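In: Quick one, structure for this:
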Amino acid sequence: MHDLHQAQKMAQIITQEAKGRQLKTISQVVIELGDIKEHGESLNVENLAYNLKIFLEQEFAVAPRAIKIKKTAIAGWRIKTAVGEK
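Out: Numbering: from 1, shown residues only. From the prediction side, this is the model:
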């Protein structure tokens, strides 16, 4: 459930940026993810990627395997890259 909440936050930021660039397709999103714990549990990378893709598909065509999440030592998460086509 926590993966869903974080995916929604990420999707909102990516959607805003992609719409600002008038993108129709998302070809790659790279997210750096630190060890985020909610209610004592770490986020599941696979669930997070799946949920993020579902949210983005509501607005854009999303390439297969477009979502890449890299575990890092940062605090929280950040969107490193969001690429697409008009």
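In: Every contact and neighbour count from this point should use C-alpha atoms.
Out: Noted.
In: where are the low-confidence patches of the chain?
Out: 1, 39 (pLDDT under 70).
In: mind listing the helices in it by residue range?
Out: Secondary structure of the chain, counting by DSSP state H: helices at 2-20, 45-56.
In: nearest to residue 76, of those helices?
Out: Residue 76 lies closest to helix 2-20 among those, at 10.3 Å (Cα to Cα).
In: Give the buried residues for the closest one.
Out: 2-4, 6-8, 10-11, 14-15, 18 (16 or more other Cα atoms under 10 Å).
In: One more: stretch 30-50?
Out: 30-36, 43, 48-49.
In: Touching that stretch from outside, list them.
Out: Outside stretch 30-50, the residues that touch it by Cα atoms under 8 Å, 6 or more residues apart in numbering are 2-4, 6-7, 67-82.
In: ok, now stretch 79-86?
Out: 10, 14, 18, 21-32.
In: Okay, and which of the residues you listed map to strands?
Out: Among those, DSSP state E puts 25-32 in strands.
In: so which of those residues comes closest to residue 61?
Out: For the ones in strands among the contacts of stretch 79-86, the nearest to residue 61 is residue 25 (4.7 Å; Cα to Cα).
In: quick one: contacts for the residue lying closest to the closest one once chain neighbours are set aside?
Out: Distances taken as Cα to Cα, 6 or more residues apart in numbering put residue 61 closest to residue 25, at 4.7 Å, once the chain neighbours are dropped. Applying Cα under 8 Å, 6+ apart, one finds that residue 61 lies in contact with 24-26.
In: Would you mind giving me the PyMOL syntax to select the buried ones in those?
Out: Buried members of the contacts of residue 61, defined by 16+ other Cα under 10 Å, are picked up in PyMOL with:
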select buried, resi 25+26
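In: got a list of what residue 10 touches?
Out: Contacts of residue 10 by Cα under 8 Å, 6+ apart are 52, 79.
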